[in-house]
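Colleague: Pasting a predicted model and its sequence here:
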Amino acid sequence: NTVSHHPRLPAAATPLLLIPGQEITTSRGHANVWGDVGWADFRLRGDEDVAQLSAQVAERGGLFSLNHPKNTGHNWEFAIPERFDCLEVWQSAWAYRNWESLALADRLLAEGRRFTFVGGSDRHQPGWPDPDPPFLQVGTPTTWLYLSEWSVPGALDALREGRTCISDSTTWPRLELTVAGGAMGGILTVTEQ
């Protein structure tokens, strides 16, 4: 619920690309705000507050992502806002009820909503001095981005446009699909013939 780390990101970035962000932690669910949009008020009391926050984030050029919307004790209990960019469909080990997040994503897609699938390890602490088991380590799962350029705006554009795929970890294989020369995240227009 803080952005105090944002000024330190550029010095820590090499060779990593670090995206400014803030976790929105509430008793009724968690979300992420990505981009250098300033502080976002996490004190959400109801659906109207969520809708207002997601609209403010979009107006500031950031992205709003719903985190682990599944029955884990931190599931998303607010209404799904009209404006959101990403949905965490895979968090930690797959056996941790990720099928519930995927079912929500499937329902929203069937309703005509467009958003980007992401995955995240949701690690809030380092894996030392006691190493975490592999399924709890940073990068399990991993969201891969197809960047047009190595920059924070390039990463945000990839997320915004859905140019992503998710794998179990940084070393597992991933599936990349193209249709008619278009990469994942693109829009394919089909005309009846």
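Modeller: Right, received. Where do you want to start?
Colleague: From residue 52, how far out is residue 109?
Modeller: The gap separating residue 109 from residue 52 is 25 Å, by C-beta to C-beta, to the nearest Å. Where C-beta positions appear, they are placed from N, C-alpha and C, glycine not excepted.
Colleague: go on, residue 178?
Modeller: Per C-beta to C-beta, residue 178 is found 38 Å from residue 52.
Colleague: Straight-line length of stretch 169-185, end to end?
Modeller: Across stretch 169-185, the terminal residues are separated by 21 Å (C-alpha to C-alpha, to the nearest Å).
Colleague: Tell me how far it lies from the chain's centre.
Modeller: Distance of stretch 169-185 from its chain centroid, counting by C-alpha atoms, centre = their mean, to the nearest Å, is 17 Å.
Colleague: same question, stretch 118-137
Modeller: With C-alpha atoms, centre = their mean as the basis, stretch 118-137 stands 17 Å off its chain's centre.
Colleague: Could you do stretch 103-116 as well?
Modeller: Offset of stretch 103-116 from its chain centre (C-alpha atoms, centre = their mean): 15 Å.
Colleague: again, but for stretch 161-168
Modeller: 10 Å.
Colleague: Give me the residues contacting it.
Modeller: Stretch 161-168 has contacts (C-beta atoms under 8 Å, 6 or more residues apart in numbering) with 89-90, 94, 114-119, 140-147, 157-158, 173-176, 183-186.
Colleague: which one of residue 178 and residue 52 has more residues nearby?
Modeller: Ranked by neighbour count (other C-beta atoms under 10 Å), residue 178 and residue 52 place residue 52 first, with 13 against 9.
Colleague: Doesn't the more buried one belong to a strand?
Modeller: No: in this structure, residue 52 is helix, not part of a strand, as judged by DSSP: H, G, I helix; E, B strand; the rest coil.
Colleague: tell me the pLDDT at it?
Modeller: You'll see residue 52 listed with a pLDDT of 96.
Colleague: Nearest residue to residue 144 in space, please, no chain neighbours.
Modeller: Closest residue in space to residue 144, ignoring its immediate chain neighbours: residue 165 at 5.0 Å, by C-beta to C-beta, 6 or more residues apart in numbering.
Colleague: Perfect, I'm done here.
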